[in-house]
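Q: Give me the fold of what follows.
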Amino acid sequence: MSILVGKVALVTGASRGIGRGVAIGLARAGANVAVSARTMLPSDAPMIAGTDRAVPGTLAETAQAIENCGVQALAFPADLSDGEKIKELIEATITKFGRIDILVNSAMGFADDFEGTKFWESPVEDFDNQNTVGVRSCYLTAYYAAPHMVAQESGLIVNISSVAAIEEFFNAGFRVAHCANARLAKAMAFDLGDHGVASLALWPRWARTERVEMAANNDHPGLTVTQEDLDNADSPEVLGSAIANLSVDPNLMNRSGHIQLIGELAEEFALKNEDGRGVKSDDYTKECRVRVDKIAEMIGW
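A: Model (predicted):
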């Protein structure tokens, strides 16, 4: 599926998890991909609180996986809470590839404990980290990338959000960050609409990330994942395939500003997980669509 040959994508938070999967999915579709996160090498990986273990995944490994798809990669290690580093990231991408067609904001600050802690009992730093890395970096990557997309009169900005925007999942900072990212996508879409550039929020289902697998094996404190959750989880690469298809959709500008659900997109584009399983619009996806549409109707979204 080489639908993105000649295109350039930039994915943040791509050393592991959803960001890594998105980057690989876009590379398989033919795009050259720039990736950024803090962890360039295993020695850079942060330790899980109270343990001597780190979550697997590095930018170097992601870049190699991208190049294995027969396209070019740029690995740019950066602390995405640093605005100057974000500016340098955009400049480095333009210098190497000359353009940015797809920007995917997947970076998110992670708390040591996602469950069982009330907001007034959680470290203030958790909120700051989730909303600085998880929201402010989304704004800044778009801030510096948008002029290039506007000059091209084309482009797609995707904020990875989640149902935590409307559900009480995990901690308060996480919920606020994902809600903000969905609203930010709408706000940016309004400003970009006359320039042929789309902006939208994408909601995954459970994704089979490194953290999720560790949690299912009871090897990751602060996050609970059942075996059933793991069995039903989607491959992160599916999100990259969905974004690739969105980016070439003739109807893209009509989707701009809206929340896209991976279950719906996977059915629309006939996408499959790495193990061959189809990704279905299950009852929960359908319930989310009803709720999102009601919210949109109430506030004129």
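
Q: can you map out the strands along this protein?
A: Counting by DSSP state E, the segments of the chain that form strands are 8-12, 32-37, 73-77, 102-105, 155-160, 197-203, 259-261.

Q: and those as a markdown table, adding mean pLDDT and distance to Val248?
A: In this view, the C-beta of every residue, glycine as well, is placed from N, C-alpha and C. Converted to a markdown table, these look like this (pLDDT from 0 to 100; distance: least, C-beta to C-beta, whole Å):
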| stretch | mean pLDDT | distance to Val248 |
| --- | --- | --- |
| strand 8-12 | 98 | 12 |
| strand 32-37 | 98 | 16 |
| strand 73-77 | 98 | 21 |
| strand 102-105 | 98 | 10 |
| strand 155-160 | 98 | 9 |
| strand 197-203 | 97 | 12 |
| strand 259-261 | 95 | 15 |
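
Q: what about those strands, which gets the closest to Pro123?
A: Ranking those by distance to Pro123, with C-beta to C-beta as the measure, places strand 32-37 first at 21.9 Å.

Q: same for the closest one, what does it pack against?
A: Secondary structure elements in contact with strand 32-37, counted by 3 or more C-beta pairs under 8 Å, 6 or more residues apart in numbering; DSSP states H and E, are strand 8-12, helix 17-28, helix 59-67, strand 73-77, helix 83-97.

Q: For Thr226, which of these is the nearest?
A: That would be helix 17-28 among the helices and strands packed on strand 32-37, by C-beta to C-beta, at 18.9 Å.

Q: Please list the residues outside that closest one that contact it.
A: By C-beta atoms under 8 Å, 6 or more residues apart in numbering, the list of residues contacting helix 17-28 from outside reads 1, 4, 9, 11-14, 33, 35, 37, 57, 62, 65-66, 69, 71, 73, 102, 104, 106-107, 160, 204, 207, 209-211, 235-244.

Q: Go ahead and build a PyMOL selection from the buried members of those.
A: A single PyMOL command selects the buried members of these (16 or more other C-beta atoms under 10 Å):
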select buried, resi 4+9+11+12+13+14+33+35+37+57+62+65+66+69+71+73+102+104+106+107+160+204+207+209+210+211+235+236+237+238+239+240+241+242+243+244
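
Q: how near is the residue lying closest to His258 once chain neighbours are set aside to Leu265?
A: Ranked by C-beta to C-beta, 6 or more residues apart in numbering and with sequence neighbours excluded, the top spatial neighbour of His258 is Leu200, at 5.8 Å. Distance, Leu200 to Leu265, by C-beta to C-beta, to the nearest Å: 11 Å.

Q: Common neighbours of those two, please.
A: Counting by C-beta under 8 Å, 6+ apart, the residues touching both Leu200 and Leu265 are Leu246.

Q: returning to what we had before: same list, the helices and strands packed on strand 32-37, but as a markdown table with distance to Thr285 please.
A: Rendered in a markdown table, the data for those read as follows (distance: least, C-beta to C-beta, whole Å):
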| stretch | distance to Thr285 |
| --- | --- |
| strand 8-12 | 24 |
| helix 17-28 | 17 |
| helix 59-67 | 28 |
| strand 73-77 | 32 |
| helix 83-97 | 32 |
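
Q: Among those, which comes closest to Ala180?
A: The closest of these to Ala180 is strand 8-12. By C-beta to C-beta, the value is 15.6 Å.
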